[in-house]
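Peer 1: Sequence first, predicted coordinates after that:
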Amino acid sequence: MKRSTRRHLRDGGLYAVLLVVVVTIGLSADWHAIRVNFFDSDTIKALWPDIVTIAAVNTIKYTVLSFAGGLALALVLALMKLSPLRLYRWLATAYIEFFRGLPALVVILLMAFGVPLAFQWTPPGGNVGAGIIALIMVSSAYMAETLRAGIQAVPKGQTEAAASLGMGSFWTLVSITLPQAIRIVIPPLTNEFVLLIKDTSLLSVGGFLFSQQELTSFGQSGLTSYANATPLIAVAVVYLVIAVPSTRLVAYLESRQQKAAR
Amino acid sequence: MNAVPAIQVEQLHKYYGQNEVLKGIDFRVDAGQVVCVIGPSGSGKSTLLRCVNRLEEPTSGRILVEGIDICDPETDLNAVRSRIGMVFQQFNLFPHMSVLRNLCIAQQRVKGRGKDEAVEIARRNLAKVGLSEKEDAYPAHLSGGQQQRVAIARALSMDPDMMLFDEPTSALDPELVGDVLATMKELASEGMTMMVVTHEMGFAREVGDKLVFMDGGVIVEEGDPREVLGNPHHERTQSFLSKVL
């Protein structure tokens, strides 16, 4: 038998296996039940337009707030980690290890219920605000490590050149090191943004008013009020519409960066 | 001529851990002089040069730049550095900035010059190194020789009193070395004080006022370049020169 014939036979066999699996699932599934429970058109009509105007908008709002706050705090932590003062390095390391070691859900619950109990103080924005503060604290721990790595990836010759021109540490950081570090960390930071989109689903444990609902809690309340899983499917589609372009953007940025590095 | 030496190094020692790379160097460069430092790799010549603007921290000894002790904690190190131009082996241009911005950034941030003044000075120095047409280019789009000439123009834009060159042509393709050396030669002819760590014996012979041969962390021999190169007294100098000439 010729080599090419053998390859065609093998590929044909693999396609056949896939076909058998698909047909078996297709025949054994209860299509009527699936359509009624997951793709009910009346339910979809009832969800519209709140799923976008309230739920999706809130998800994006919470994500952007958490990301912006997390990035700002991460920059402070990264600079502390690179500080010549040992105590600052130690504090930043302790913070980063602490929040990377905890589930985000635990931090959110602590901020929403533990802190108000312990200190008789409610974070601004109630449970939503508490949850966002928690996400800021958690995401900053991850982003601080990313930023630190980015700053350290800037070649030493760059800071030496700046020093030889008499530039002090502040201007060297602002004009020379940070602009180059930011370019290096854009892909991993975009990745962190996508993770945050999904982490905002955890905020619902604090309890929401209807106008505060983000996608997951919106889908969950739809599930109970319509006794139907369609809202969850609709919510899943909206998540994908937001997240997939973002991950594709990361891939694009990464490939562009690799080209530029050559 | 100014009586205060541009660079004066006294009993300089430098350790990396247990490893002593500079073993008590006494060295001086007078204003207007071109001093070339040669020696095998690992001889400590680059470390000596990098100590002069304190990119390397001396372990002990004194370094005076125009009479100012640069290791004195009361010295404004950045002010001293802004008067010492430095050119690196790897150019170290800022890759995220255009050529013009590379030449202006420190003028504005350190010297406090306005944008118009900085641009004017930058353009003058770019013309001097023959790269006026490249002011909007980014470093990645320039050849190594062009990048090094931009780096020289960047250092000159700070109006330095002296220039340090750390193997400025070692990272260049052979056919690009000539342009950079020509720029340095022109600078020397204008009376710039220069300390040049180099492997270019022709440049040292033709342009240098003094040649210093270092080996194993000490200065083995120094003097008139033609004398040192043509008639070296020390055995180590002879053996080094027989390998490179």
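Peer 2: Right, received. Where do you want to start?

Peer 1: going forward, measure contacts between C-alpha atoms and count neighbours the same way
Peer 2: Noted.

Peer 1: distance between the top helix by length along chain A and the chain's centre?
Peer 2: The helix that spans the most residues within chain A, counting by DSSP state H, is helix A:230-261. Put simply, helix A:230-261 sits 11 Å off its chain's centre (Cα atoms, centre = their mean, to the nearest Å).

Peer 1: Also stretch A:23-32?
Peer 2: With Cα atoms, centre = their mean, you get 35 Å for stretch A:23-32.

Peer 1: same check, this time on stretch A:140-160
Peer 2: Relative to the mean C-alpha coordinate of its chain, stretch A:140-160 is positioned 21 Å out (Cα atoms, centre = their mean).

Peer 1: can it be found next to chain B?
Peer 2: Yes. Applying Cα under 8 Å from any Cα of the partner chain, one finds stretch A:140-160 touching chain B at A:157-158, A:160.

Peer 1: just checking, residue B:136 touches residue B:99?
Peer 2: Yes. The pair residue B:136 / residue B:99 is scored as a contact, 5.9 Å apart, by Cα atoms under 8 Å.

Peer 1: Which one's more surrounded, the two?
Peer 2: Neighbours of residue B:136 and residue B:99, each counted by other Cα atoms under 10 Å in any protein chain shown, are more numerous for residue B:99; the result is 27 against 12.

Peer 1: Pull the number of nearby residues for residue 113.
Peer 2: All of this refers to chain A. By other Cα under 10 Å, the residues close to residue A:113 number 15.

Peer 1: The intended chain is chain B.
Peer 2: As a burial measure, residue B:113 scores 15 neighbours (other Cα under 10 Å).

Peer 1: I'd assumed residue B:105 was in contact with it.
Peer 2: No. Using Cα under 8 Å, residue B:113 is not in contact with residue B:105, being 9.7 Å away.

Peer 1: Please identify which helix or strand holds the closest residue to residue A:189 other than its chain neighbours.
Peer 2: Once flanking residues are discounted, residue A:189 sits nearest to residue A:143: 7.0 Å by Cα to Cα, 6 or more residues apart in numbering or on different chains. Using DSSP states H and E, residue A:143 maps to helix A:126-153.

Peer 1: And residue B:22, by the same measure?
Peer 2: Per DSSP H and E, residue B:22 falls inside strand B:19-29.

Peer 1: Restricting to C-alpha, output that strand in CSV.
Peer 2: In CSV, the C-alpha atoms belonging to strand B:19-29 read as follows (Å, rounded to 0.1, in the frame of the first residue of the first chain):
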residue,chain,number,x,y,z
ASN,B,19,37.1,39.0,43.2
GLU,B,20,39.3,42.1,43.1
VAL,B,21,39.0,43.6,39.6
LEU,B,22,40.7,46.9,40.2
LYS,B,23,43.8,46.7,42.4
GLY,B,24,44.7,50.3,43.4
ILE,B,25,44.5,52.4,40.2
ASP,B,26,46.0,55.9,40.0
PHE,B,27,44.9,57.6,36.8
ARG,B,28,44.3,61.0,35.5
VAL,B,29,43.0,62.8,32.4
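
Peer 1: buried ones in that strand?
Peer 2: B:21-29 (16 or more other Cα atoms under 10 Å in any protein chain shown).

Peer 1: So which elements touch whatever helix or strand comes next after that strand?
Peer 2: Sequence order places strand B:34-38 as the next helix or strand after strand B:19-29, per DSSP H and E. Applying 3 or more Cα pairs under 8 Å, 6 or more residues apart in numbering or on different chains; DSSP states H and E, we find strand B:34-38 packed against strand B:193-197, strand B:210-215.

Peer 1: Most tightly packed of those?
Peer 2: strand B:193-197 (a mean of 26; mean count of other Cα atoms under 10 Å in any protein chain shown).

Peer 1: Now do that one, average pLDDT.
Peer 2: Mean pLDDT, strand B:193-197: 96.

Peer 1: So for the helix or strand just after that strand, what gets flagged as buried?
Peer 2: Downstream of strand B:193-197, the first helix or strand assigned by DSSP H and E is helix B:201-207. Using 16+ other Cα under 10 Å as the test for burial, helix B:201-207 gives B:201, B:203-205, B:207.
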